[in-house]
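Trainee: Here's my sequence, what's the structure:
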Amino acid sequence: MRTEFTIPSNGAGQLHCCRWTPEGQPKAVLQIVHGIAEYIERYDEFASYLNGLGYLVVAEDHMGHGGTVGDQGTQGYFDGGWFTAVSDSYSLLQKTKAENPDIPYVLFGHSMGSFMTRTILEVYPESGIAAVVICGTGWQPRAILPGAIGICQMACKKVGEKNPSETLQNMVFGGYNKRVEHPRTEYDWLTRDEEIVDAYIAHPSCGFTATTGLLRDMLTGIRFIEQKQNLAKMDKDLPVLFIAGEDDPVGNYGKGVRKAAEEFQKAGMKDVTCNLFPKGRHEILNETNRREVFDFTADWLQKKLK
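Mentor: Got it, this is the predicted structure:
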């Protein structure tokens with residue numbers, strides 16, 4: 001059963017949150033950290049599946065996304081920047097963990113949410129989570145990030161950080177459809193499920209052009225999480241699962257995902273698993289074989305939460 005509630009944002013306004021409650025006493029909590037230009041109810045099928053296994057599921061719409069935008073917010077903008085948005089997700093973690101102190105707590109981050117989750121691992125290593133699933137992530141060459149951030153900063157000065165830039169949007173996302181044969185839409189790179197793609201395109205909370213400030217902040221966050229001194233701060237005993245589609249451009253078709261997993265291992269993480277799903281695109285939770293992804297993730301969690 002899904003219910004809605006709000007908590008204060010550390011940046012601006014109130015965060016729209018969802019809670020999916022299983023029947024009976026939950027055996028664990030799983031918090032979803034969603035991606036850019038989407039909203040949390042898109043994870044309803046996955047959350048309901050987890051409810052059936054006894055998981056309590058929670059999530060928040062980030063600032064500038066979904067129901068959190070409200071009357072005062074700007075769509076696609078993080079008031080206070082990357083680390084403020086990350087602290088919002090951490091606030092939900094603290095609240096939910098305090099309400100459920102005796103059961104394991106799992107973080108699940110997808111796409112931009114995977115980068116936010118990785119930030120939580122580095123900034124809040126004593127959060128007490130029992131496992132983490134990093135979905136649809138990537139690894140950017142460290143040499144290009146300063147230049148890309150500089151371009152974003154110039155765009156912020158030119159058009160304002162609360163305004164979108166099609167030029168920046170194309171720089172970040174423009175090539176994602178290039179390996180899709182005979183693309184039907186500009187968002188075919190998300191999933192092979194045409195109904196999901198069409199629903200994404202039709203929804204006003206999806207696929208919007210991000211503000212220049214958000215793109216700057218996201219790239220700044222990615223640069224932070226890839227720095228060796230920050231990777232070294234993570235809890236070395238935390239079980240980590242990387243999952244992605246082999247045809248996901250965000251993860252450079254598997255290369256960036258494997259690189260991220262390797263960097264975790266180099267940083268001393270003792271329990272790292274990486275699994276790529278053949279023919280899967282970016283949103284593997286919305287793929288045509290999503291039940292396979294659900295089952296694989298649940299099986300891994302079952303082993304790690306014993």
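Trainee: Show residues contacting the longest helix seen in the chain.
Mentor: In the chain, taking DSSP state H as the definition, the longest helix is helix 82-99. Helix 82-99 has contacts (C-beta atoms under 8 Å, 6 or more residues apart in numbering) with 7-11, 15, 17, 29, 31, 33, 56, 58-60, 62-63, 78, 105, 107, 116-117, 119-120, 123-124, 127-129, 217-218, 220-221, 224. Every residue, glycine included, has its C-beta placed from N, CA and C.
Trainee: And the residue nearest to the spatial centre of the chain, its phi and psi?
Mentor: Residue closest to the average C-alpha location in the chain (C-alpha atoms, centre = their mean): residue 113, at 1.7 Å. Backbone torsions for residue 113, taken as degrees, to the nearest 10, come to phi -60, psi -30.
Trainee: hang on, the earlier thing: quick check: which helices or strands does the next helix or strand after the longest helix of the chain pack against?
Mentor: Reading on from helix 82-99 to the C-terminus, the next helix or strand found by DSSP states H and E is strand 105-110. Here strand 105-110 touches strand 28-33, helix 82-99, helix 112-123, strand 131-135, going by 3 or more C-beta pairs under 8 Å, 6 or more residues apart in numbering; DSSP states H and E.
Trainee: please redo it, this time with the cut-off set to 6 Å
Mentor: Contact partners of strand 105-110 among helices and strands, from 3 or more C-beta pairs under 6 Å, 6 or more residues apart in numbering; DSSP states H and E: strand 28-33, helix 112-123, strand 131-135.
Trainee: Any regions of the stretch 51-200 of the chain where pLDDT drops low?
Mentor: 70-72 (pLDDT under 70).
Trainee: Helices of the stretch 201-306 of the chain, residue ranges please.
Mentor: 212-226, 228-231, 255-266, 290-304 (DSSP state H, counting those that start in this stretch).
Trainee: How much space separates residue 165 from residue 282?
Mentor: 22 Å (C-beta to C-beta, to the nearest Å).
Trainee: my bad, residue 84
Mentor: As judged by C-beta to C-beta, residue 84 and residue 282 stand 26 Å apart.
Trainee: now do residue 172
Mentor: 13 Å.
Trainee: for residue 293, same thing?
Mentor: 12 Å.
Trainee: cool, residue 33 as well?
Mentor: From residue 33 to residue 282 the distance is 16 Å (C-beta to C-beta).
Trainee: out of these two, which sits in the busier spot?
Mentor: Remark: of residue 33 and residue 282, residue 33 carries more neighbours, 31 against 24, as counted by other C-beta atoms under 10 Å.
Trainee: need the contact list for the nearest residue to the more buried one once chain neighbours are set aside.
Mentor: Computed as C-beta to C-beta, 6 or more residues apart in numbering, the closest residue to residue 33 that is not its neighbour in sequence is residue 113, at 3.6 Å. Contacts here follow C-beta atoms under 6 Å, 6 or more residues apart in numbering; on that basis residue 113 touches 33, 34, 35.
Trainee: How many residues are close by the second one?
Mentor: Yep, that's residue 34 we're talking about. 25.
Trainee: Touching, it and residue 40? I think so.
Mentor: Yes - Residue 34 is within contact range of residue 40, at 5.3 Å (criterion: C-beta atoms under 6 Å).
Trainee: Over to the residue nearest to residue 6 when sequence neighbours are not counted: give its phi and psi.
Mentor: Distances taken as C-beta to C-beta, 6+ apart place residue 14 nearest to residue 6, at 4.2 Å, with adjacent residues excluded. Here the main-chain torsion angles of residue 14 (degrees, to the nearest 10) amount to phi -110, psi 140.
Trainee: Tell me how many other residues crowd residue 14.
Mentor: 16.
Trainee: so what's it scoring on pLDDT?
Mentor: Looking at residue 14, its pLDDT reads 94.
Trainee: same question, residue 31
Mentor: 98.
Trainee: List the beta-bridge partners for it.
Mentor: Here residue 31 sits in beta bridges with residue 58, residue 107, as judged by DSSP bridges.
Trainee: For residue 135, see how far away it is.
Mentor: 13 Å.
Trainee: These two: which is more packed in?
Mentor: Set residue 31 next to residue 135 and count neighbours by other C-beta under 10 Å: residue 135 wins out with 28 against 24.
Trainee: residues touching residue 182, list them.
Mentor: Per C-beta under 6 Å, 6+ apart, neighbours of residue 182: none.
Trainee: All set now, cheers.
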